[in-house]
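Q: Just the structure for this:
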Amino acid sequence: MASLNRVILIGNLTRDPELRYTPDGTPVASFTIAVNRAFTTRQGEREADFIPIVVWRKRAETCSEYLAKGSQVAVEGRLQIRNYEDKDGVKRRVAEVVAWSVQFLQRLKKQPLPEIPEEKGENQIDKIPLPEEKGESLET
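A: Residues are numbered from 1 along each chain as shown. Okay, here's the model as predicted:
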């Protein structure tokens with residue numbers, strides 16, 4: 001029997017990504033995106049769904065470095081439902097998207113621009129003599 005578990009979402013981060021490392025050193029980042037619904041309420045307001053996203057390994061580090069609250073992303077992955085017990089012993093159930101692709105549609109976190117070394121010497125444009133240097137008049 002065939003099965004399919006694939007989710008594609010476009011939304012905005014509700015907070016900066018949180019980067020952690022597993023005990024064996026594997027990076028994992030989590031963040032939540034707000035995805036607007038296609039319709040409005042009777043009051044004309046647009047509602048949104050807040051969907052938790054989990055990203056692993058190098059992709060997690062990249063998301064943590066370049067994304068910030070408000071960044072727009074396209075996420076592709078699978079829906080995961082998992083159970084866990086919180087610190088008070090209460091059983092919890094959570095649904096989240098485990099992303100295998102995160103495309104940055106709008107990046108808000110500022111990164112310093114790389115330094116571009118100044119060229120030493122003259123540029124080609126500096127080598128072209130002006131008309132007055134040739135003894136020519138600027139007037140026609």
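Q: show me where pLDDT drops low in the protein?
A: Residue ranges of the chain with pLDDT under 70: 107-140.
Q: Please, where are all the helices along it?
A: 57-66 (DSSP state H).
Q: right, and Ile33 touches Leu13 too?
A: Yes. Between Ile33 and Leu13 there is a contact under CB atoms under 8 Å: 5.8 Å. (C-beta placed from N, C-alpha, C; glycine too.)
Q: Can you pull the residues that touch both of those two?
A: Residues within reach of Ile33 and of Leu13 at once, by CB atoms under 8 Å, 6 or more residues apart in numbering, are Val73.
Q: Show me which of these two is the more surrounded one.
A: Neighbours were counted for Ile33 and for Leu13 using other CB atoms under 10 Å; Ile33 has more, 25 against 22.
Q: neighbours of the closest residue to the more buried one other than its chain neighbours, just the number please.
A: Counting by CB to CB, 6 or more residues apart in numbering, Ile33 lies nearest to Gly11, which is 3.5 Å off, once chain neighbours are set aside. Using other CB under 10 Å, Gly11 has 21 other residues around it.
Q: Likewise for Asp49?
A: Asp49 has 11 nearby residues by other CB under 10 Å.
Q: What is the strand ranked longest in the chain packed up against?
A: Determined from DSSP state E, the single longest strand within the chain is strand 91-106. Strand 91-106 sits against strand 7-13, strand 46-56, helix 57-66, strand 72-85, with contacts defined as 3 or more CB pairs under 8 Å, 6 or more residues apart in numbering; DSSP states H and E.
Q: can I get the ones you listed in a markdown table with distance to Asp24?
A: Below are those laid out as a markdown table (distance: least, CB to CB, whole Å):
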| stretch | distance to Asp24 |
| --- | --- |
| strand 7-13 | 27 |
| strand 46-56 | 12 |
| helix 57-66 | 12 |
| strand 72-85 | 19 |
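Q: Of all those, which one is nearest Tyr21?
A: helix 57-66 (9.2 Å; CB to CB).
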